[in-house]
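Participant: Build the 3D model from these lines:
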Amino acid sequence: MLRTALVALFLLTSTCAHAGKSDFGHETVKFDPAKFEKQRSAIEKEITRGERYAEISDQDKRDVLEALEAMSGLLEGKSGIDELNADQRIELFNRQETVNTLLTGAAEDSRLICKRQTKTGSHRQETKCVTVAQARTDRENAENMLRGANRRILPNSN
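Facilitator: Okay, here's the model as predicted:
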(Lines give C-alpha, C1' and ligand atoms only; values in the text may rest on other atoms or scores of the structure.)
Protein backbone atom coordinates (compact mmCIF):
# COMPACT_ATOMS: atom_id res chain seq x y z
CA MET A 1 0.00 0.00 0.00
CA LEU A 2 2.77 2.43 0.97
CA ARG A 3 4.76 1.48 -2.13
CA THR A 4 1.71 2.13 -4.34
CA ALA A 5 1.18 5.52 -2.71
CA LEU A 6 4.83 6.44 -3.22
CA VAL A 7 4.70 5.42 -6.89
CA ALA A 8 1.53 7.48 -7.38
CA LEU A 9 3.13 10.47 -5.65
CA PHE A 10 6.18 10.17 -7.89
CA LEU A 11 3.96 10.02 -10.96
CA LEU A 12 1.96 13.01 -9.75
CA THR A 13 5.04 15.15 -9.19
CA SER A 14 6.61 14.09 -12.49
CA THR A 15 3.31 14.77 -14.27
CA CYS A 16 3.19 18.24 -12.77
CA ALA A 17 6.70 18.92 -14.04
CA HIS A 18 5.78 17.84 -17.59
CA ALA A 19 2.39 19.55 -17.84
CA GLY A 20 1.91 21.94 -20.74
CA LYS A 21 0.77 21.86 -24.36
CA SER A 22 0.10 18.40 -25.70
CA ASP A 23 0.57 17.22 -29.27
CA PHE A 24 -3.16 17.77 -29.86
CA GLY A 25 -3.12 21.45 -28.97
CA HIS A 26 -4.95 21.48 -25.65
CA GLU A 27 -3.24 22.50 -22.48
CA THR A 28 -2.98 19.84 -19.80
CA VAL A 29 -4.01 20.82 -16.29
CA LYS A 30 -1.11 21.99 -14.13
CA PHE A 31 -1.35 21.76 -10.38
CA ASP A 32 -0.50 25.29 -9.39
CA PRO A 33 -3.64 26.13 -7.40
CA ALA A 34 -3.25 29.80 -8.28
CA LYS A 35 -3.42 28.96 -12.01
CA PHE A 36 -5.82 26.03 -11.83
CA GLU A 37 -9.06 28.05 -11.78
CA LYS A 38 -7.94 30.00 -14.86
CA GLN A 39 -7.15 26.76 -16.67
CA ARG A 40 -10.44 25.23 -15.54
CA SER A 41 -12.32 28.24 -16.90
CA ALA A 42 -10.48 28.02 -20.23
CA ILE A 43 -11.26 24.31 -20.57
CA GLU A 44 -14.92 24.86 -19.75
CA LYS A 45 -15.10 27.67 -22.32
CA GLU A 46 -13.51 25.46 -25.02
CA ILE A 47 -15.93 22.64 -24.27
CA THR A 48 -18.89 25.03 -24.46
CA ARG A 49 -17.68 26.67 -27.71
CA GLY A 50 -17.49 23.27 -29.32
CA GLU A 51 -14.64 23.84 -31.76
CA ARG A 52 -11.53 22.22 -30.33
CA TYR A 53 -13.60 19.57 -28.56
CA ALA A 54 -16.48 19.43 -31.05
CA GLU A 55 -16.63 15.64 -30.97
CA ILE A 56 -16.71 15.23 -27.18
CA SER A 57 -19.70 13.14 -26.12
CA ASP A 58 -22.20 14.44 -23.60
CA GLN A 59 -21.08 11.79 -21.10
CA ASP A 60 -17.39 12.68 -21.53
CA LYS A 61 -18.26 16.36 -21.17
CA ARG A 62 -20.03 15.62 -17.88
CA ASP A 63 -17.09 13.49 -16.71
CA VAL A 64 -14.58 16.27 -17.50
CA LEU A 65 -16.65 18.92 -15.74
CA GLU A 66 -17.16 16.65 -12.72
CA ALA A 67 -13.42 15.91 -12.52
CA LEU A 68 -12.57 19.61 -12.76
CA GLU A 69 -15.08 20.38 -9.98
CA ALA A 70 -13.58 17.69 -7.76
CA MET A 71 -10.05 18.96 -8.44
CA SER A 72 -11.16 22.48 -7.60
CA GLY A 73 -12.57 21.23 -4.31
CA LEU A 74 -9.33 19.42 -3.46
CA LEU A 75 -7.23 22.51 -4.21
CA GLU A 76 -9.52 25.02 -2.49
CA GLY A 77 -7.61 26.99 0.13
CA LYS A 78 -4.31 25.29 -0.72
CA SER A 79 -1.18 27.07 -1.91
CA GLY A 80 0.33 23.90 -3.41
CA ILE A 81 -0.17 20.16 -3.79
CA ASP A 82 2.29 19.55 -0.98
CA GLU A 83 -0.53 20.56 1.40
CA LEU A 84 -2.61 17.56 0.28
CA ASN A 85 -2.36 14.21 2.03
CA ALA A 86 -1.41 11.09 0.06
CA ASP A 87 -5.00 10.03 -0.65
CA GLN A 88 -5.91 13.51 -1.88
CA ARG A 89 -2.86 13.59 -4.16
CA ILE A 90 -3.82 10.26 -5.65
CA GLU A 91 -7.39 11.45 -6.21
CA LEU A 92 -6.07 14.66 -7.78
CA PHE A 93 -3.76 12.65 -10.06
CA ASN A 94 -6.60 10.32 -11.11
CA ARG A 95 -8.90 13.26 -11.84
CA GLN A 96 -6.14 14.91 -13.89
CA GLU A 97 -5.71 11.73 -15.91
CA THR A 98 -9.46 11.58 -16.55
CA VAL A 99 -9.47 15.17 -17.83
CA ASN A 100 -6.34 14.71 -19.95
CA THR A 101 -7.47 11.41 -21.47
CA LEU A 102 -10.97 12.60 -22.38
CA LEU A 103 -9.83 15.97 -23.75
CA THR A 104 -6.97 14.44 -25.73
CA GLY A 105 -9.35 11.95 -27.36
CA ALA A 106 -11.94 14.64 -28.07
CA ALA A 107 -9.31 16.97 -29.54
CA GLU A 108 -8.02 14.21 -31.82
CA ASP A 109 -11.55 13.22 -32.91
CA SER A 110 -12.35 16.89 -33.59
CA ARG A 111 -9.33 17.41 -35.85
CA LEU A 112 -10.30 18.24 -39.44
CA ILE A 113 -9.12 16.17 -42.39
CA CYS A 114 -9.48 17.75 -45.83
CA LYS A 115 -9.30 15.94 -49.17
CA ARG A 116 -9.60 16.98 -52.80
CA GLN A 117 -12.20 14.80 -54.49
CA THR A 118 -13.74 14.62 -57.92
CA LYS A 119 -17.46 15.03 -57.56
CA THR A 120 -19.49 12.17 -59.04
CA GLY A 121 -20.68 13.02 -62.56
CA SER A 122 -18.22 15.85 -62.92
CA HIS A 123 -14.57 16.48 -63.71
CA ARG A 124 -14.33 19.28 -61.19
CA GLN A 125 -12.59 18.67 -57.92
CA GLU A 126 -13.85 19.99 -54.65
CA THR A 127 -12.35 20.12 -51.19
CA LYS A 128 -14.22 18.17 -48.55
CA CYS A 129 -13.34 18.55 -44.86
CA VAL A 130 -14.63 16.29 -42.10
CA THR A 131 -13.58 15.57 -38.53
CA VAL A 132 -11.66 12.39 -37.72
CA ALA A 133 -14.75 11.10 -35.88
CA GLN A 134 -17.04 11.83 -38.85
CA ALA A 135 -14.62 10.12 -41.26
CA ARG A 136 -14.59 7.06 -38.98
CA THR A 137 -18.41 7.04 -38.79
CA ASP A 138 -18.71 7.41 -42.58
CA ARG A 139 -16.25 4.52 -43.10
CA GLU A 140 -18.12 2.29 -40.61
CA ASN A 141 -21.47 3.11 -42.25
CA ALA A 142 -20.09 2.25 -45.70
CA GLU A 143 -18.66 -1.05 -44.40
CA ASN A 144 -21.98 -1.93 -42.75
CA MET A 145 -23.88 -1.11 -45.94
CA LEU A 146 -21.55 -3.35 -47.99
CA ARG A 147 -21.89 -6.17 -45.47
CA GLY A 148 -25.67 -5.85 -45.63
CA ALA A 149 -25.65 -5.85 -49.43
CA ASN A 150 -23.48 -8.99 -49.48
CA ARG A 151 -25.88 -10.80 -47.13
CA ARG A 152 -29.03 -10.14 -49.13
CA ILE A 153 -30.37 -13.20 -50.83
CA LEU A 154 -31.80 -12.51 -54.23
CA PRO A 155 -34.96 -14.45 -55.16
CA ASN A 156 -34.57 -17.29 -57.63
CA SER A 157 -35.46 -16.24 -61.14
CA ASN A 158 -36.77 -19.44 -62.76
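Participant: Confirm that Glu126 sits in a helix.
Facilitator: No: Glu126: not assigned to a helix; according to DSSP: H, G, I helix; E, B strand; the rest coil it is strand.
Participant: quick one: it and Thr120 touch, right?
Facilitator: No: using Cβ atoms under 8 Å, Glu126 makes no contact with Thr120, being 10.8 Å away. In short, each C-beta sits where N, CA and C put it, glycine included.
Participant: Helix, strand, or coil at the residue nearest the centre of the chain?
Facilitator: In the chain, the centroid-proximal residue (Cα atoms, centre = their mean) is Leu103; its distance is 2.5 Å. Following three-state DSSP, the label given to Leu103 is helix.
Participant: That one contacts Asp63, correct?
Facilitator: No: look at Leu103 against Asp63 with Cβ under 8 Å: they stay out of range, at 10.4 Å.
Participant: quick one: which of Glu126 and Thr120 has more around it?
Facilitator: The neighbour comparison of Glu126 against Thr120 (other Cβ atoms under 10 Å) goes to Glu126, with 10 against 5.
Participant: any idea of the pLDDT on that one?
Facilitator: At Glu126, the model reports a pLDDT of 87.
Participant: Mind listing the residues bridging to it?
Facilitator: Assessed by DSSP bridges, Glu126 has beta-bridge partners Gln117.
Participant: what does the domain assignment say about the protein?
Facilitator: Split into domains by automatic domain parsing, the chain comes to 11-109, 112-149.
Participant: from those, which stretch is densest packed?
Facilitator: Mean neighbour count, computed with mean count of other Cβ atoms under 10 Å, is highest for domain 11-109 among the domains of the chain, reaching a mean of 16.
Participant: pLDDT of that domain, averaged?
Facilitator: On average, domain 11-109 scores 80.
Participant: And the strands in this protein, which stretches?
Facilitator: Taking DSSP state E as the test, the strands found in the chain are 112-118, 125-131.
Participant: From the chain's centroid, how far away is the last one?
Facilitator: Right, the one you point to is strand 125-131. 24 Å (Cα atoms, centre = their mean, to the nearest Å).
Participant: same for that strand, what does it pack against?
Facilitator: strand 112-118 (3 or more Cβ pairs under 8 Å, 6 or more residues apart in numbering; DSSP states H and E).
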